[in-house]
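> sequence? don't have it. structure:
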């Protein structure tokens with residue numbers, strides 16, 4: 001169906017709805033219920049996304065990949081906000097990606113220092129990856 005055909009169909013439906021008050025009320029009620037259902041679905045999707053973050057910490061490499069992407073695309077401040085949202089789970093994140101090989105950072109009480117450590121490590125890894133890529137491309 002082309003755009004003009006769809007527009008004509010919608011105009012015809014609108015004319016019928018405007019001419020019949022009972023039909024107008026029924027359509028309004030249907031639209032209201034549909035909007036409520038959509039809002040409910042959106043809030044449940046947001047909840048499931050939060051649950052997904054909790055689940056993926058079992059595989060912290062996925063979270064680390066997101067962190068690297070945020071650092072590259074949006075910068076250090078956005079990464080800091082993202083890690084702050086994770087809260088206590090940043091301690092679990094230290095177990096992945098060689099961020100805390102001596103396991104000394106996990107014992108720190110201050111989450112901000114842990115977050116700063118993660119950001120520094122990711123920046124260093126990103127920098128070393130770029131240097132490696134540059135050295136490979138020269139040969």
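Ah, there it is. Please read all numbers here as calculations on a predicted model, not as lab measurements.

> hang on, isn't residue 108 packed against residue 118?
No - in this structure, residue 108 is not within contact of residue 118 by Cβ atoms under 8 Å, at 11.5 Å. Glycine gets a C-beta too; all of them are placed from N, C-alpha and C.

> buried residues, stretch 113-124. List them.
Neighbour-count burial for stretch 113-124, counted by 16 or more other Cβ atoms under 10 Å, picks out 114, 115, 117, 118, 119, 121, 122.

> so which of those belong to helices?
114, 115, 117, 118, 119, 121, 122 (DSSP state H).

> can you put those in a markdown table and add distance to residue 94?
Converted to a markdown table, these look like this (distance: Cβ to Cβ, whole Å):
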| residue | distance to residue 94 |
| --- | --- |
| 114 | 7 |
| 115 | 10 |
| 117 | 8 |
| 118 | 7 |
| 119 | 12 |
| 121 | 9 |
| 122 | 12 |
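
> in this structure, which spans are helices?
Remark: helices assigned in the chain by DSSP H are 3-19, 21-56, 60-73, 76-86, 90-93, 111-138.

> pick the most buried one from the ones you listed.
helix 90-93 (a mean of 19; mean count of other Cβ atoms under 10 Å).

> distance from that helix to the middle of the chain?
18 Å (Cα atoms, centre = their mean, to the nearest Å).

> need the contact list for the residue nearest to residue 93 when sequence neighbours are not counted.
Take residue 93 and drop its neighbours on the chain: the residue closest to it by Cβ to Cβ, 6 or more residues apart in numbering is residue 60, 5.2 Å away. Contacts for residue 60 (Cβ atoms under 8 Å, 6 or more residues apart in numbering) come out as 92, 93, 95, 96, 97.

> save those residues as CSV, and put in distance to residue 5 too.
Output for these, formatted as CSV (distance: Cβ to Cβ, whole Å):
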residue, distance to residue 5
92, 55
93, 53
95, 58
96, 54
97, 54
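
> tell me which of those is nearest to residue 11?
residue 93 (55.1 Å; Cβ to Cβ).

> would you agree that closest one is in contact with residue 118?
Yes - the criterion here is Cβ under 8 Å, and residue 93 meets it with residue 118 at 6.6 Å.

> overlap in contacts, those two.
Joint contacts of residue 93 and residue 118 (Cβ under 8 Å, 6+ apart) are 67, 83, 99.
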